[in-house]
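Undergrad: Sharing a sequence plus its predicted fold:
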Amino acid sequence: MRCSYMEKKNQENRNVTIRVKRFDAKERLLKSSSFKVSANRFSTVLGELIGIKEAQDPSLSIRYSCRMGICGSCGMVINGKPRLACETNVFSLDTDEVIVEPMRGHPVLKDLVCDFGEFFDNHRKVMPWLIRNNMKEKFRNDVEHTQTRRQLDRFLPFSYCIKCGLCVDACPVVNTNSAFVGPQALAAVRRYNEDSRDQGIKQRLAAIDVKDGVWGCEYAGACSAVCPKGVDPALAIQLLKMDIMKRKFIGSNKSKE
Amino acid sequence: METADYDIVIVGSGLAGMRAALQAANFSNRKLRIAMISKLHAMRSHSVSAEGGISGVLSPGEGGDSIELHAMDTIKGSDYLADQDAVEFLVNEAPKEIRLLDNMGVPWNRREDGRIVLRAFGGMSIPRTVFAGDKTGFFMLSTLYDALLEYQDVEIFNEYLVISLNITRGTFGGLLAMNISTGEMKLFRGKAGVIATGGYARIYGFTTTAFSSTGDGIAMAYRAGVSLKDMEFVQFHPTALVPSGILITEAARGEGGYLLNSEGKRFMENYAKSKMELAPRDIVSRAIVTELDQGRGVVQETTGIEHVFLDLRHLGESVIDERLPMIKEITIKMNGIDPSKEMIPVRPAAHFTMGGIHVDIHGRALINDYDPVTGLWVAGEAGCVSVHGANRLGSNSLSQCVIWGRVVGEAAAEHALGNGYGVTNEEMEKWGALEASRVNNLMDRTGTENPYLIRKEMQQTLDKYVYVYRETDGFKNAKKVINDLKRRYANVYVQDKSKEYNTNLRDTLELGNMLELADVVIECALARKESRGAHAMKEYPKRDDVNWLKHTIVRMGSDGPVLSYIPVTITKWQPMERKY
């Protein structure tokens, strides 16, 4: 598991150029700025960008918070691939020049920062919360559910989404049809549909059984390839398509209702 | 400037803020207009980083555990500075909140029979920590966020930095915030307010916390005349990854991990023979620093930073994959280390701030020693209730966040249903213009001081002089530096003059908050002439219950912090020697 770029022989600092293709909010276009930095084997792209902001150009805008891959703030395109900057080791890129640019699948606000308004709206649209026939049950604090390992495994893989937006950035459909609800929201549908505590599968499937819902997906699989947390939205979407078809032609799965 | 009226204005979107919003919305049957304001995207608040779990006795009697024992552990862990009535409330309410979150959708780890499983944690005499892998905070926060999306009456303001808090005639009026995306100012008038903005551990350089933990709400309250409590107590988590400071959860030791010095010895046997690695955090952190001071540390070649090792190799891959997957992900991605094959370099880092806004057991913000501000509540790390006293036990913070989130959400809703606004619109606008001019001046003026250099010096000063072991001379040095930095801050220069997403301005405003709090921390620490919990003084190595079994209260005076003291609430547990 030891990554070669982290090996102890790589003790020396290296000089690296960080080329930031930053979005100019006034002129509405990307402009390049290059910064020379020194990196060691622990350096991350986010760390270098923050260093640039502190020491070279305070006007550089970056969105970040936890720096440990769990808050989902720092998604950007690094050497052509959508990634979390905080988890991207500089040496691992194995280049003297690191090219950083904002995600383009979201509207860009400034420099490396995107507007997430639409992305969050899409998430909300699919009812990503537990639905109970009696919603009062959601506020019960006197009973504990039991959930077997098998039941847990049905939804757990889809519950790791940190809403970083990288999947939406990578999705070729979103980039040509902005009405498509997108891989993040659809993975959230699967997450809640498969929870044994949920009773809302019918409503959610109805909400996404439309042209720009689950049927918008063309199965390029880019979303799953770039997800930094191993969520597989492409799989979720195919499973959802099957759920919809099954219900239409075979009837619903009684055990879930 | 735009003014918006809400029934309840909540600042902060971590576990406490979201739980408050949810309770307020549900309690009022969705009758209230609620604003939840976050300087981040709401679901990215620092609660998301909580790893190990949430404490609570789900089944008293089972495995020999009891509510009473949880209380006793917490009080002993606090080095007897916790208010015991508040602790009793915490331990009684915690199981209810865990079950509620179960009904909301948190994927708790389960036993074979489907019931919630428990893990061991530091200072807890029996396993009573409920968890969702090692991403407990993430799962709790995602669940609450998603649950809130159902409520159309809760409006979430993403990326609004709150600048100032209005308290008029002893009553909460509202607040001024800046939309970070556009740079526009907005006034929020509210019948009730909730501050849930988290702690201030970012006044340190080596810290486990997110960049956002800058104590904004605490500083704001302080400037508005609200008292703060026990600000000298900062928790250092023993196992922060070197060099990044990223948290390696205490659950790693709960699951059986060892701490080893350069000689390969489990040194904890010299410090806490019975609890070993699972002694409370203050004790383990002191043990590590003592090992380092006595030359039994290891120097990391690339960075020159001294550390000890956390050894998880004997746990095996399957335990690590099932219960500590994020730790594996982090150590591989950040250090190129697979914890099942190699040891992890760790040392203590600032992690949690026990101090905060002075509140009573109901979460009401207090002025002076005991006077509540009408219509203003505080929850989570931003408030000092105090349930953690001088040292928090691991997994008690998540319980605190959701319990007092619920309590203040309900109280704020009740208040808003029965009361009007504390200030008139005219008063609000006049005040808002004045407060906004402070920011405008910062943008208009030229200065010479780089905020990032000031921040770095502040953090280095705290790292050096207000760390695990402390001494009076160190505090005096720190005070001098911070005073100087405050002077320099008056001449700070925001180079970025743009309106859109100006993080240079945001950073500068946060720095102002942190400098204020750093000053307060040092002043309170300098005054406390004893060692208690996380406050370990070299000159006064013993706890002194005769003179110091009391809370520090601090408020802003014209020449700096003004200190007073109030007694600790003792119900059943008399202070005893603390041994593990």
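TA: All right, it came through fine. Numbering: from 1, shown residues only, chains lettered A, B, ... in the order given.
Undergrad: When you work out contacts or count neighbours from here on, use the C-alpha atoms and nothing else.
TA: Fine.
Undergrad: how close does B:Ala201 sit to B:Ser45?
TA: Separation of B:Ala201 from B:Ser45 (C-alpha to C-alpha, to the nearest Å) stands at 14 Å.
Undergrad: same question, B:Arg286
TA: In this view, B:Arg286 and B:Ser45 are 29 Å apart by C-alpha to C-alpha.
Undergrad: repeat for B:Thr353
TA: Note on B:Thr353: its distance to B:Ser45, by C-alpha to C-alpha, is 16 Å.
Undergrad: re earlier: in terms of neighbours, single out the busier of B:Arg286 and B:Ser45.
TA: Higher neighbour count among B:Arg286 and B:Ser45: B:Ser45, with 27 against 20, using other C-alpha atoms under 10 Å in any protein chain shown.
Undergrad: per-residue confidence for the more buried one?
TA: At B:Ser45, the pLDDT value in this model is 98.
Undergrad: give the contact list for it.
TA: The contact partners of B:Ser45, by C-alpha atoms under 8 Å, 6 or more residues apart in numbering or on different chains, come to A:71, B:12-14, B:212.
Undergrad: What about residue 91, how many residues nearby?
TA: This is for chain A. A:Phe91 has 22 nearby residues by other C-alpha under 10 Å.
Undergrad: not what I meant, chain B
TA: Neighbours around B:Val91, by other C-alpha under 10 Å: 26.
Undergrad: What's the separation between it and chain A?
TA: 14 Å (C-alpha to the nearest C-alpha, to the nearest Å).
Undergrad: need the next SSE after whichever strand or helix holds that residue, C-terminal direction.
TA: Using DSSP states H and E, B:Val91 sits within helix B:84-104. Per DSSP H and E, the first helix or strand lying C-terminal to helix B:84-104 is strand B:118-119.
Undergrad: Next one: that following strand, is it in contact with chain A?
TA: No - judged by C-alpha under 8 Å from any C-alpha of the partner chain, strand B:118-119 makes no contact with chain A; its nearest approach is 13.8 Å.
Undergrad: Can I take it that B:Ala509 is in a helix?
TA: Let me fix one detail, which is that residue B:509 is Leu and not Ala. Yes - per DSSP: H, G, I helix; E, B strand; the rest coil, B:Leu509 lies within a helix segment.
Undergrad: what's near enough to touch it?
TA: By C-alpha under 8 Å, 6+ apart, the contact set of B:Leu509 is B:Ile163.
Undergrad: pLDDT wise, what is the closest residue to B:Trp108 other than its chain neighbours at?
TA: Distances taken as C-alpha to C-alpha, 6 or more residues apart in numbering or on different chains put B:Ala132 closest to B:Trp108, at 4.4 Å, once the chain neighbours are dropped. Predicted confidence (pLDDT) at B:Ala132: the value is 96.
Undergrad: I figured A:Arg41 was touching A:Gly47, is that so?
TA: No - counting by C-alpha atoms under 8 Å, A:Arg41 does not reach A:Gly47; the two are 12.0 Å apart.
Undergrad: Run the chain-centre distance for the lengthiest helix in chain A.
TA: Ranked by residue count under DSSP state H, the longest helix found in chain A is helix A:233-249. Chain-centre distance of helix A:233-249: 21 Å, with C-alpha atoms, centre = their mean, to the nearest Å.
Undergrad: same question, stretch B:413-429
TA: Distance of stretch B:413-429 from the chain centroid (C-alpha atoms, centre = their mean) equals 29 Å.
Undergrad: Same question for that stretch: list its buried residues.
TA: For stretch B:413-429, a neighbour-count test (16 or more other C-alpha atoms under 10 Å in any protein chain shown) marks B:413, B:415-417, B:421-423, B:425, B:428-429 as buried.
Undergrad: Can you tell me which residues in the stretch 101-250 of chain B are near chain A?
TA: For the stretch 101-250 of chain B, the residues found near chain A under the criterion C-alpha under 8 Å from any C-alpha are B:102-105, B:107, B:110-116, B:138, B:143, B:146-147, B:149-150, B:181, B:209-212, B:243, B:246.
Undergrad: who touches A:Ala222 in this structure?
TA: Contacts of A:Ala222 (C-alpha under 8 Å, 6+ apart): A:167, A:170-172.
Undergrad: And A:Ser92, its phi and psi?
TA: Per-residue torsions, A:Ser92: phi -60, psi -20 (degrees, to the nearest 10).
Undergrad: Give the burial count for it, as a bare number.
TA: Using other C-alpha under 10 Å, A:Ser92 has 15 neighbouring residues.
Undergrad: got any ranges where chain A has weak pLDDT?
TA: Filtered on pLDDT under 70, chain A yields the residue ranges A:1-11, A:252-257.
Undergrad: what sits against the residue lying farthest from the centre of it?
TA: Taking C-alpha atoms, centre = their mean as the measure, the residue most remote from the mean C-alpha position of chain A is A:Asp142, 35.0 Å away. By C-alpha under 8 Å, 6+ apart, A:Asp142 lies in contact with B:96, B:99-100.
Undergrad: For it, which three-state class applies?
TA: Under three-state DSSP, A:Asp142 comes out as coil.
Undergrad: Report the separation between it and B:Leu58.
TA: Taken as C-alpha to C-alpha, the span from A:Asp142 to B:Leu58 is 10 Å.
Undergrad: In the stretch 301-450 of chain B, mark out all the strands, start to finish.
TA: Taking DSSP state E, counting those that start in this stretch as the criterion, the stretch 301-450 of chain B contains strands spanning B:306-311, B:344-353, B:356-358, B:364-367, B:371-378, B:383-384.
Undergrad: what's the closest of those to B:Glu68?
TA: Among the strands of the stretch 301-450 of chain B, the nearest to B:Glu68 by C-alpha to C-alpha is strand B:383-384 (21.8 Å).
Undergrad: what's next to the closest one, contact-wise?
TA: Contact with strand B:383-384 is made by B:196, B:218, B:228-230, B:354-359, B:363, as judged by C-alpha under 8 Å, 6+ apart.
Undergrad: let's see 7 Å
TA: With contacts defined as C-alpha atoms under 7 Å, 6 or more residues apart in numbering or on different chains, strand B:383-384 is touched by B:229, B:354-359.
Undergrad: Please identify which of the contacts of B:Ser45 is nearest to B:Val387.
TA: Looking across the contacts of B:Ser45 and measuring by C-alpha to C-alpha, the closest to B:Val387 is B:Gly14, at 18.7 Å.
Undergrad: and residue 62, how many neighbours?
TA: Chain wasn't specified; assuming chain A. Using other C-alpha under 10 Å, A:Ile62 has 24 neighbouring residues.
Undergrad: Let me rephrase: I mean chain B.
TA: When neighbours are counted by other C-alpha under 10 Å, B:Glu62 registers 9.
Undergrad: Against chain A, how distant is it?
TA: 15 Å.
Undergrad: okay, now the closest residue in space to B:Ile367 that isn't next to it in sequence: neighbour count?
TA: Excluding the flanking residues, the one nearest B:Ile367 by C-alpha to C-alpha, 6+ apart is B:Val226, at 4.7 Å. Around B:Val226 there are 26 other residues, counting by other C-alpha under 10 Å.
Undergrad: Just to check, B:Val226 is in contact with B:Tyr370?
TA: No - contact criterion C-alpha atoms under 7 Å: B:Val226 and B:Tyr370 do not qualify, at 10.5 Å.
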